[in-house]
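Participant: fold the following, please.
(2 chains)
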Amino acid sequence: MSSIAIGQTKQDQKTSMMDKVKDWLRWNTSKLVVAPSFALVLVFVYGFIAWTGYTSFTKSKMLPIYSFEGLYQYIRLWKLPPWHVAIENLVIFGGLFIIVSIVLGCLLAILLDQRIRGEGILRTIYLYPMAISFIVTGTAWKWILNPGLGIENLMHGLGWTSFEFSWLVDPDMAVYTLVIAGVWQASGFVMAMFLAALRGVDQEIIKAAYLDGASISRIYLVIILPTLRPVFLSSFVILSHLAIKSFDLVVALTGGGPGYSSTLPANFMYEMTFRRNQIGLGAASAIMMLATVMAIIVPYLYSELREKKHG
Amino acid sequence: MADVAQLPGSRSPWHMALRFGLYFLLCVFAVYYLLPLFVVLSTAFKDLDEIRSGTLLSLPAELNVDAWSFAWSEACVGVSCEGLQPYFWNSVQMAIPAVLISSFLGALTGYALTKFRFKGANVVFAMILFGCFIPFQVVLLPMAQTLGWLHMANTIPGLVLVHIMAGLPFTTLFFRNYYVNIPDDLVKAATIDGAGFFTIFWKIILPLSPPIIVVTIIWQFTQIWNDFLFGASFTTGGGQPVTVALNNVVNTTTGVKRYNVDMAAALIAAAPTLLVYVLAGRYFVRGLTAGSVKG
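Facilitator: Prediction:
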């Protein structure tokens, strides 16, 4: 008898243990499910950023060395002419790429927003470059801009024999070819964002303004464009992010050349890290890139989140 | 937009001229966006003599597919001359598991973060979201070393891992923003009926998810297929994805430059994402805008 009773108690204890585990699981499944993804992000994003950050403070060349050297690599980096060229190029390319893409994208959206027949087809045409890789885009534009066979040859064929267009091989102009191809690729995307926002503008206000005698251009300038401020802001943030990351377009279109005249920071980083065995220098340049992106993104996110809370 | 056509005074001659100018402008822009595609397509169908004697805009005399078959199976990528074919399959083998795994993980994480909130869920989400914004250059070097330690350098599984890591913040963002708008009561009711975490996921949440699944898969597929940075950094020789191989074909300097082959190769490398865009452009655009509204 007693042995059975003891057995039962043990059984009871066991089931209560099981219940506890089950209970615990019920309340914590969510955490357990998120854990692997979170761990992946912790290691691959935060851990790796810290790792790169630390490497940038060492004298690592071909192999990582882990003795702390302070700002050695950063001082070296800012003394290197190619880095200065890369930064200048980023300012030129990034500035033009962002401005032209936004202006063109906004213009296309406004034009498309006038009850256009065949709007779907036109939208598809404007946006398709976004589906293609920068490597393919670069290859295509390299062919079109090829001094011997591309546009130059086309103009010669049309009888304009003095026409010269050799930006691709001109150290002063090569960086502008990046703008041509970059804008071609990204402006359709900006258009899509503006178009979505235009469709959300209150029709009643526009009608009222029109009946009050305001011209279409005035309605756009005074009423519609100001309401699109958030789209301008997010296009700016996304395009600047794209510009700072730009790597493949340069590789495919100019190869960074002639010389290193059209190199961008991302290409500089790759070159130093994987080609020239200057790991520490590459790491320092990567951290500079991260700092630039953060300087744009953090205030943006901050203002977005604050607006949401107030709204 | 302003439904101006419906407003009084919109039938004047001045208005008609404006409409004409509008369509004209739109067509000019359409030509600008289509020009590269046209040039690449027509060049890929020409032979070399025709390329030299003609111009950019001249149509090929006949559809010559030699360049295509050469690009697919004979062109030299570095020292091996088997065409783009093996690299194309590398990309397929890389993209399919990477897209599926990152999307599935994103769905699960997004679901857990919205429907079974725990303390700190928002902080966890914000920390994952941060991964959308980093320039990948900042993780490149540690990634290369880690792949080396894991003996996954220059392998397809290695690239799959990298793309899962890079895509996870985006997929989590997409699903999280979608699931936030699914009423919590649905989950509460199911919980009262005794359904657990996974039962609710499979039976209720996933059946509601097809729209966002399509968007996420298209977004991820485009990103992964078009990637060049990771492919170039972590693979050499036979393990390269098609974008890296294409760049090698185009930048090979030995022998006569075969522009028609370059163009055919570019189109082969672009074909899968172009196809997706043509078939499901609507979802592609939705993915772009979802990825742009990050908050």
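Participant: any stretches of chain A with poor pLDDT?
Facilitator: Scanning chain A for pLDDT under 70 picks out A:1-14, A:162, A:307-311.
Participant: what backbone torsions are found at B:K188?
Facilitator: phi -60, psi -50 (degrees, to the nearest 10).
Participant: one more: B:S80?
Facilitator: Torsion angles, degrees, to the nearest 10, at B:S80: phi -90, psi 140.
Participant: didn't it look like it was pressed against B:G237?
Facilitator: Yes - B:S80 lies in contact with B:G237 (C-beta atoms under 8 Å); the separation is 7.3 Å. Quick note: C-beta positions are derived from backbone N, CA and C, even for glycine.
Participant: list the buried residues in the helix or strand of chain B with the lowest mean pLDDT.
Facilitator: Ranked by mean pLDDT, DSSP states H and E, the weakest helix or strand in chain B is helix B:48-53, scoring a mean of 76. Neighbour-count burial for helix B:48-53, counted by 16 or more other C-beta atoms under 10 Å in any protein chain shown, picks out B:50-51.
Participant: equivalent analysis for stretch A:257-273, please.
Facilitator: A:260-273.
Participant: find the closest residue to chain B in the stretch 51-200 of chain A.
Facilitator: For the stretch 51-200 of chain A, the residue closest to chain B is A:S133, as judged by C-beta to the nearest C-beta, at 3.4 Å.
Participant: could I get the contacting residues of that residue?
Facilitator: By C-beta atoms under 8 Å, 6 or more residues apart in numbering or on different chains, the contact list for A:S133 reads A:248, B:225-228, B:243, B:269-270, B:273.
Participant: take these and write them to TSV, including secondary structure, distance to B:T289 and neighbour count.
Facilitator: Shown next, in TSV, are these (DSSP: H, G, I helix; E, B strand; the rest coil; distance: C-beta to C-beta, whole Å; neighbours: other C-beta atoms under 10 Å in any protein chain shown):
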residue	secondary structure	distance to B:T289	neighbour count
A:D248	helix	23	25
B:W225	helix	20	26
B:N226	helix	18	26
B:D227	coil	21	26
B:F228	coil	24	22
B:T243	helix	25	27
B:A269	helix	26	30
B:A270	helix	22	27
B:T273	helix	18	24
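Participant: from the residues you listed, which single one is nearest A:W27?
Facilitator: For those, the closest approach to A:W27 (C-beta to C-beta) belongs to B:D227, at 39.5 Å.
Participant: pull the contacting residues for the closest one.
Facilitator: A:133, B:163, B:241, B:243.
Participant: and if we set it to 10 Å?
Facilitator: A:133-135, A:248, B:91, B:94-95, B:98, B:136, B:159, B:162-163, B:166, B:241, B:243-244 (C-beta atoms under 10 Å, 6 or more residues apart in numbering or on different chains).
Participant: kindly provide the distance from the residue most central in space within chain A to A:L178.
Facilitator: The structure's chain A has its C-alpha centroid closest to A:L242; by C-alpha atoms, centre = their mean the separation is 2.8 Å. According to C-beta to C-beta, to the nearest Å, A:L242 and A:L178 sit 12 Å apart.
Participant: helices along the stretch 151-295 of chain B, start to end?
Facilitator: Ranges of helices in the stretch 151-295 of chain B, per DSSP state H, counting those that start in this stretch, are B:156-179, B:184-192, B:197-200, B:210-226, B:229-234, B:242-251, B:259-292.
Participant: now the fourth one: average pLDDT?
Facilitator: Confidence for helix B:210-226, expressed as mean pLDDT, is 91.
Participant: for that helix, which residues meet the burial criterion?
Facilitator: By neighbour count with 16+ other C-beta under 10 Å, helix B:210-226 contains the buried residues B:212-226.
Participant: what's the burial count for residue 128?
Facilitator: All of this is about chain A. 21 (other C-beta atoms under 10 Å in any protein chain shown).
Participant: let's do chain B instead
Facilitator: 27.
Participant: which ones are touching the residue nearest to B:C81 when sequence neighbours are not counted?
Facilitator: Nearest residue to B:C81 in three dimensions, chain neighbours excluded: B:E74, at 6.1 Å (C-beta to C-beta, 6 or more residues apart in numbering or on different chains). Residues near B:E74 by C-beta under 10 Å, 6+ apart: B:66, B:81-85, B:261.
Participant: ok, A:R123 next?
Facilitator: Counting by C-beta under 10 Å, 6+ apart, A:R123 makes contact with A:108-109, A:112, A:116, A:188, A:191-192, A:195, B:281, B:285.
Participant: can I get the residues you listed in CSV including distance to B:L113?
Facilitator: Formatted as CSV, the contacts of A:R123 follow (distance: C-beta to C-beta, whole Å):
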residue, distance to B:L113
A:L108, 37
A:A109, 33
A:L112, 37
A:I116, 41
A:G188, 32
A:M191, 32
A:A192, 28
A:L195, 31
B:G281, 30
B:V285, 26
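Participant: give me the subset of those lying in helices.
Facilitator: A:108-109, A:112, A:188, A:191-192, A:195, B:281, B:285 (DSSP state H).
Participant: related to what we said a few turns ago, nearest to chain B among the buried residues of stretch A:257-273?
Facilitator: Looking across the buried residues of stretch A:257-273 and measuring by C-beta to the nearest C-beta, the closest to chain B is A:M269, at 4.8 Å.
Participant: mind picking the two most distant members of the buried residues of stretch A:257-273?
Facilitator: Farthest apart among the buried residues of stretch A:257-273 by C-beta to C-beta are A:S261 and A:T273. That separation is 20.9 Å.
Participant: who's in contact with the closest residue in space to B:L150 that isn't next to it in sequence?
Facilitator: Nearest residue to B:L150, sequence neighbours excluded (C-beta to C-beta, 6+ apart): B:G158, at 7.3 Å. Residues counted as contacts of B:G158 (C-beta under 10 Å, 6+ apart) are B:94, B:143-144, B:146-148, B:150-152, B:230, B:234-235, B:239.
Participant: so which of those residues wins on neighbours?
Facilitator: Ranked by neighbour count (other C-beta under 10 Å), those have B:M94 at the top, with 27 neighbours.
Participant: and the average pLDDT for stretch B:16-30 is what?
Facilitator: Per-residue pLDDT over stretch B:16-30 has a mean of 89.
Participant: list of residues touching that stretch?
Facilitator: By C-beta under 10 Å, 6+ apart, the residues outside stretch B:16-30 that reach it are A:104, A:107-108, A:111-112, A:114-119, A:121-122, A:124-126, A:187-188, A:191, A:216, B:4-5, B:10, B:12.
Participant: buried members of the contacts of A:R123 into PyMOL, please.
Facilitator: Selection command for PyMOL covering only the buried members of the contacts of A:R123, criterion 16+ other C-beta under 10 Å:
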select buried, (chain A and resi 108+109+112+116+188+191+192+195) or (chain B and resi 281+285)
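Participant: just curious, which of the contacts of A:R123 is nearest to B:A190?
Facilitator: When these are compared against B:A190 (criterion: C-beta to C-beta), the nearest one is B:V285, at 33.1 Å.
Participant: quick one: contacts for that closest one?
Facilitator: Going by C-beta under 10 Å, 6+ apart, the list of residues near B:V285 reads A:123-124, A:127, A:130, A:188-189, A:192-193, A:195-196, B:215, B:218, B:277.
Participant: state the pair within these that is farthest apart.
Facilitator: The widest separation within those (C-beta to C-beta) is 19.1 Å, between A:L195 and B:I218.
Participant: helices along the stretch 101-250 of chain A, start to end?
Facilitator: Using DSSP H, counting those that start in this stretch, the helices found in the stretch 101-250 of chain A span residues A:119-127, A:134-145, A:151-157, A:174-198, A:203-211, A:216-218, A:225-227, A:229-245, A:248-253.
Participant: could those helices go into JSON lines alongside distance to B:D49?
Facilitator: Formatted as JSON lines, the helices of the stretch 101-250 of chain A follow (distance: least, C-beta to C-beta, whole Å):
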{"stretch": "helix A:119-127", "distance to B:D49": "32"}
{"stretch": "helix A:134-145", "distance to B:D49": "17"}
{"stretch": "helix A:151-157", "distance to B:D49": "15"}
{"stretch": "helix A:174-198", "distance to B:D49": "28"}
{"stretch": "helix A:203-211", "distance to B:D49": "58"}
{"stretch": "helix A:216-218", "distance to B:D49": "52"}
{"stretch": "helix A:225-227", "distance to B:D49": "53"}
{"stretch": "helix A:229-245", "distance to B:D49": "40"}
{"stretch": "helix A:248-253", "distance to B:D49": "26"}
